[in-house]
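A.B. asks: build me a model from this:
(chains A and B, ligands or ions: 4)
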Amino acid sequence: MAEYETHDYDVIVSGAGGAGLRAAIEAKSRGLRTALICKSLLGKAHTVMAEGGIAAAMGNVYPEDNWQVHFRDTMRGGKMLNNWRMAQLHAQEAPERVQELEAWGALFDRTADGRILQRDFGGHRYARLAHVGDRTGLEMIRTLQQRAVALDVAVFMECKILRLLSDADGVISGAVGYWRATGDMVVFSAKAVVLATGGVGKSWKYTSNSWECTGDGHAMALWAGADLIDMECVQFHPTGMVWPLSVRGILVTEGVRGDGGVLRNAEGRRFMFDYVADMFREETADSEEEADRWYADHSAGRRPPELLPRDEVARAINTEVKAGRGSPHGGVFLDIASRRSPEYIRRRLPSMYHQFMELAGVDITAEPMEVGPTCHYMMGGVRVDAETGAATVPGLFVCGEAAGGMHGSNRLGGNSLSDLLVFGYRAGMGASDYAEGRTGTPAPNQAEIEHTVAEALAPFERDDGENPYELHHRLQDTMQDLVGIIRTGDELDQALERLDELVFLAGKVKVTGGRAYNPAWNLATDLPAMLTVSRCVTLGARDRRESRGGHTREDYPNADPEFGKVNLVQRQPSGGGMAEEIKIGPEPIPEMPPELAALFEEGH
Amino acid sequence: MAAEVVMRVWRGDSSGGAFAEYRLPAQEGEVVLDVVHRIQATQAGDLACRWNCKAGKCGSCSAEINGTPRLMCMTRMDQLPEGPVTVAPMRTFPIIRDLVTDVSFNFEVAKQVPPFAPPPRPEGGYRMAQVDIERGQEFCKCIECFMCQDVCHVIRDHEENKAHYAGPRFFIRFAELEMHPLDTNDRRELLRQREGLGLCNITKCCTEVCPEHIKITDNAIIPLKERVVDAAYDPVAWLGRTILRRRKASPNEAAAHGR
Ligand SMILES: Cc1cc2nc3c(=O)[nH]c(=O)nc-3n(C[C@H](O)[C@H](O)[C@H](O)COP(=O)(O)OP(=O)(O)OC[C@H]3O[C@@H](n4cnc5c(N)ncnc54)[C@H](O)[C@@H]3O)c2cc1C
Ligand code: SF4
Ligand code: SF4
Ligand code: FES
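C.D. replies: Numbering: from 1, shown residues only, chains lettered A, B, ... in the order given. Ligands and ions are numbered 1, 2, ... in the order given. I've put the predicted structure just below:
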């Protein structure tokens, strides 16, 4: 029999990024016994890296801004694949959630009259991002962390959840995991479980994501019987560092472009003017002069094309590089040095300044940066109820990057941090309501515990087997080469074959050393989730035979209105696991009510 | 660029350990963390270290590189002196394994800080001027790498002081709250009695190692001492007061400060 310690709570939240923290704060404020569990130390989650800001239509800089405009921008950015109700709640509630952060101590940059300052970002019609220089995520996570500590939420740091546990009726009733410091197993029983485990980027070679972004929540929910949607919709951020190789993928905030930076190819041309899609032509400047007027006064010109939604910009950069007009290290140039004063750049973009100075030896106040696309964000995720964050299995709630629907096929910058707050709060409420209404003591299935523990420890038992690092590198090469920014049917089929082989090999991983803080073993336990999610992304990409938002098919280069009406839904009906069958099929997206649909006709 | 890098990494746990030497082909533009990762992938899968962002933003990868606390992800190999590079865990905290230390002391201190307490929110939200929050914003840059805690001699060499000393990371947290234009809590007695502010004798070692270049001593500790302790009993506070008074004399300088 497996050995483990046990804990019992009303609500457990797996994930201590913005979404998990906000959910835990809500559950704890409601008086519920709440535990917050995370793979790293508290305060280190991926959210800490967010730079540019939090989108919220507060109207502090442009009073014309309101939730309807934000809603419309979000839906159009997502190419209308979004869950409209989530996009609506998000636009309506984000301002209150930001003000609440301020009441908990966050110090946002200010307008001249003392209100929260808002900055421009791609796809947002008005300056809308509340921010603190270019370290907004740090401010957000610290504020939420300090709030959670003040409320005395129980925190389990460096504790990895391996699987969700259900009871005899199939209701989610807890989770099993291990302490990284000791390797000892832990079982939680809970009346409601919230997953806020973040993104999936670590399956690609060039990514802005941290090691934690292995899609654990996506995979665990799928294994537990929940539906995933839109998994093919992965965002490649247009501007990651490209050189030196060891830092390739690290993010260069969109704030650089919002604050006046422009993209140029090797010929010095501002090439984005050549890539304005019809959908955005009406609102995009058609000359450099017009674009430059816009920065100072948005009524004096239309938006610069550098600030089109991310999918548009990433594809354009990709095309320029392929056409041989790229920079020496295979990117393009992002130039703010020739356009803004050194003082301005250092004040607005201090961490970009340091990042380039220290890692690449480039002074961004004097020279252009070299940038190229990097795997950044998973739009797809667990299918949830907009109001409560409830997944399609009872007892499970999901929020943040692990949840799907909110962003459709492409997310606008700044809409993630606001998403974390709005739906972290809602999932915290949803889970609390559910826990309060649940009768009886949750009784997690013993066999599931035994099975999970045995599987996790198996790599120590083998005399011979695969190196987990090696498998991880092969997975990253596969996804980078075959399921990257531009996809084709043939390559996706090849990817599926390779993934099957990797799944097979992942069942034979061997690690040496002990269980205490052993990164090889930790990685071995991340592989099943990474492989499961990679299969989902590839299956979705194969079946969505069109191009939409973050998903681009070379063999189906246009958007297909029929595909625009459906989510591709994936589930594992006959048992959850990386090697089990995944069923995929189209299901209609929820239909927008007429009063909201009208917002898209008036040409707002 | 040398063709080979030699790295001596401390390996062991709470019962003891030693430096192990690894040799790898050199690669252009690498940071210390890249080399540690390559050691993990090819020679020592179980070599324990912490990291998250690899961009100097999360404060996970602190270690003592050639004897000095630094972020492994922001230390370029080509900027270290030629020859073997030693990488050791932070000394002030108990070892878990290899480069990973038990930093729970810091999370315990965090619980003692009385939270931010603003007045009720007015209609339309709070108003604060940029100049009034800039001091606080400097302290909010802290990424909790705990290297200032590591280097502070009050606890580095005196385990017993940990029971009644918050350390520089938390002095700036107190300072941030004390300087917040909306805060109403008074934490001065706590700082003096429980958090051991008086034990700091402004050696400035903390400021020197801070990767965020926060002026911990000048901008947080000295003004706090000033607020907390009666000048007659603490010569350091007296010194602080004179420094501060001189600075206050120039409003331009004060405004330009703490960008
Ligand atoms: C460099 C960068 C800049 C960005 N800038 C912006 C921006 O300016 N504006 C914006 O809106 N968005 C931005 N984003 C996106 C945004 O930061 C993320 O989408 C968001 O932070 C995700 O938050 P989350 O709470 O869902 O998850 P995360 O912050 O990723 O947190 C996940 C948590 O889950 C835990 N976890 C994961 N798996 C397990 C497990 N198995 N067991 C236990 N715990 C687990 C982790 O330890 C972690 O605590 C940026 C992203 C990057 C990479
Ligand atoms: S200045 Fe004070 S807090 Fe900083 S290292 Fe010296 S004694 Fe410690
Ligand atoms: S103050 Fe500086 S050195 Fe200390 S924990 Fe914060 S970032 Fe690190
Ligand atoms: S890994 Fe985040 S600071 Fe080094």
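A.B. asks: now do the contacts for B:Glu82.
C.D. replies: B:Ala2 (CB atoms under 8 Å, 6 or more residues apart in numbering or on different chains). Any C-beta I mention is one placed from the backbone N, CA and C, and that applies to glycine too.
A.B. asks: what's the local residue count around residue 100?
C.D. replies: In the absence of a named chain, this looks at chain A. Per other CB atoms under 10 Å in any protein chain shown, the neighbour tally for A:Glu100 reads 17.
A.B. asks: my bad, chain B
C.D. replies: Residues near B:Val100, counting by other CB under 10 Å, number 24.
A.B. asks: ok, what's across the strand from it?
C.D. replies: B:Arg97 (DSSP bridges).
A.B. asks: would you mind measuring from it to A:Lys160?
C.D. replies: Separation of B:Val100 from A:Lys160 (CB to CB, to the nearest Å): 15 Å.
A.B. asks: ok, A:His70 next?
C.D. replies: A:His70 sits at a distance of 36 Å from A:Lys160 (criterion: CB to CB).
A.B. asks: look at those two and report which has more neighbours.
C.D. replies: The residue with more neighbours, out of A:His70 and A:Lys160, is A:His70; 28 against 22, by other CB under 10 Å.
A.B. asks: can you list the domains in chain B?
C.D. replies: What automatic domain parsing lists as the domains of chain B is B:4-101, B:104-256.
A.B. asks: ok, B:Val100 touching B:Asp46?
C.D. replies: No. The criterion here is CB atoms under 8 Å, and B:Val100 misses it with B:Asp46 at 11.4 Å.
A.B. asks: shared neighbours of the two, anything?
C.D. replies: Common neighbours of B:Val100 and B:Asp46 (CB under 8 Å, 6+ apart) do not exist.
A.B. asks: and residue 22, how many residues sit next to it?
C.D. replies: Looking at chain A here, since you left the chain open. Around A:Arg22 sit 29 other residues, with neighbours defined as other CB under 10 Å.
A.B. asks: chain B was what I was after
C.D. replies: Neighbours around B:Tyr22, by other CB under 10 Å: 19.
A.B. asks: and it, that's in a helix?
C.D. replies: No. B:Tyr22 is assigned strand when assessed by DSSP: H, G, I helix; E, B strand; the rest coil, not a helix.
A.B. asks: against ligand 4, how distant is it?
C.D. replies: 20 Å (CB to the nearest ligand atom, to the nearest Å).
A.B. asks: OK, contacts around that residue?
C.D. replies: B:Val6, B:Met7, B:Arg8, B:Val9, B:Ile39, B:Gln43, B:Ala44.
A.B. asks: what pairs with it across the strands?
C.D. replies: Here B:Tyr22 sits in beta bridges with B:Met7, going by DSSP bridges.
A.B. asks: low pLDDT regions in chain B?
C.D. replies: Across chain B, the ranges flagged by pLDDT under 70 are B:1, B:229-259.
A.B. asks: need the residues of it near ligand 4, please.
C.D. replies: B:Trp51, B:Asn52, B:Cys53, B:Lys54, B:Gly56, B:Lys57, B:Cys58, B:Gly59, B:Ser60, B:Cys61, B:Leu71, B:Cys73 (CB under 6 Å from any ligand atom).
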